[in-house]
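Have a look at this fold, sequence not included:
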């Protein structure tokens, strides 16, 4: 991609069940855009558009569609990389078309030379449902995205002050208020939807039992370090969430109560994922 060290960025979109219906890869009419179309029972029809905004260089873009297991996806993708020509010695994905068996994973690799000083490289990843796309006059990107972001940030700040009154009632300074806003925003943003099975073992039980397949809508203790449902923390989470939106709290409580087994027991930690070796500390 140039005389400087190349940099590759990888993104993947995965669903446990086949969902990719069509992939429009790099084309002559649109050399800076990749569009993926998909459909699932939960999400209905949707599209994911990756738009490159760079003007100073043309990145190498490769796409791959295949069937992967989520727990081995990082290992398996390494087997799909191949070395490029000696003039461009970096590893790339080989472009592929959809297979007869519907894939559940889409990869995109964007490789470019390392940007130099004052050089700007950016790209947008636009996810939208078919219904929302019909409602919008244009894609949620560029200047339109920035304007919407400013509008929603202002709306968030106003609602935050109306509910918690940290400025008008608590007389907090702006630094503390910004910290509180960020904390709540991170908590709300971490609310996730999981589906799958857990492994459950009683004291002294050598082989754990596989719990029934279920779904869970919950906040998480840490989006980066502990992105899973944790019953003990969920009560504290919802002291804040309920003040922000009671309907969200009601939905979360319903999902946790659905975890109740015939002995009246709810596992305190929920690991919802594909069948994988979770390790002893994650068997409950």
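All right, it came through fine. In this text the structure is predicted, and so the values were computed from the model without any measurement.

longest single helix anywhere in this protein?
helix 142-164 (DSSP state H).

Quick check: next helix or strand after it?
Using DSSP states H and E, the helix or strand that follows helix 142-164 in sequence is helix 174-189.

Run through who's touching that following helix.
Here helix 174-189 makes contact (CB atoms under 8 Å, 6 or more residues apart in numbering) with 156-157, 160, 164, 166-167, 172, 219, 223, 237, 240-241, 244. (C-beta placed from N, C-alpha, C; glycine too.)

now for the residues you listed, which pair is the farthest apart?
167 and 223 (27.0 Å; CB to CB).

And the helix or strand hosting residue 108, how far out from the chain middle?
Assessed by DSSP H and E, residue 108 sits inside strand 105-113. Relative to its chain's centre, strand 105-113 lies at 17 Å (CA atoms, centre = their mean, to the nearest Å).

and the chain, what are its domains?
For the chain, the domain assignment from automatic domain parsing gives the residue ranges 6-140, 143-189, 192-282.

Give me the distance from the last one to the chain's centre.
So the one you mean is domain 192-282. 18 Å.

Quick check: mean pLDDT of it?
Averaged over domain 192-282, pLDDT sits at 82.

Number the residues from 37 up from this point.
Sure, I'll start counting at 37 from here, so that last one is domain 228-318.

that older thread, report all helices and strands that the longest helix of the chain contacts.
Applying 3 or more CB pairs under 8 Å, 6 or more residues apart in numbering; DSSP states H and E, we find helix 178-200 packed against helix 210-225, helix 267-280.

Buried residues in it, which are they?
196, 200 (16 or more other CB atoms under 10 Å).

and the angle from that helix to helix 267-280?
90 degrees (axes from the mean of the first three to the mean of the last three CA atoms, to 10 degrees).

relative to helix 210-225, how tilted is helix 178-200?
100 degrees.

Need the residues that contact helix 178-200.
So helix 178-200 is in contact with 160, 174, 176, 202-204, 206, 216-217, 220-221, 279-280, going by CB under 8 Å, 6+ apart.

run the last query once more with 6 Å
Around helix 178-200, the neighbours that count as contacts under CB atoms under 6 Å, 6 or more residues apart in numbering are 174, 203, 217, 279.

Equivalent analysis for stretch 74-89, please.
Under CB under 6 Å, 6+ apart, the answer for stretch 74-89 is 55-57, 68-73, 144, 158-163, 165-166.

buried sites along that stretch?
Here stretch 74-89 shows 74-75, 82-88 as buried, counting by 16+ other CB under 10 Å.

For those, name the two members farthest from one another.
75 and 88 (25.4 Å).

Which neighbouring elements make contact with the strand holding residue 144?
strand 42-50, strand 96-102 (3 or more CB pairs under 6 Å, 6 or more residues apart in numbering; DSSP states H and E).

of the ones you listed, which approaches residue 228 most closely?
strand 42-50 (14.7 Å).

The closest one packs against which elements?
Partner elements for strand 42-50 (3+ CB pairs under 6 Å, 6+ apart): strand 141-149.

Can you point out the buried residues in the strand it packs on?
141-149.

ok, those residues vs residue 302, which is closest?
residue 141 (32.3 Å).

Now do that closest one against residue 98, distance only.
According to CB to CB, to the nearest Å, residue 141 and residue 98 sit 14 Å apart.

still on that earlier bit, can you tell me which of the helices and strands packed on strand 141-149 the model trusts least?
strand 96-102 (a mean of 77).

Mind giving me the packing neighbours of that strand?
Using 3+ CB pairs under 6 Å, 6+ apart: strand 96-102 touches strand 127-129, strand 141-149.

And the contacts of helix 210-225, which is closest to residue 233?
Nearest to residue 233 among these, with distances taken as CB to CB, is residue 255, at 21.0 Å.

What is the neighbour count of the closest residue to that closest one other than its chain neighbours?
Among residues not flanking residue 255 along the chain, residue 273 sits closest, at 4.1 Å (CB to CB, 6 or more residues apart in numbering). Residue 273: 20 surrounding residues under other CB atoms under 10 Å.

isn't residue 273 right up against residue 257?
No: taking contacts as CB atoms under 6 Å, residue 273 lies outside contact range of residue 257: 8.3 Å.
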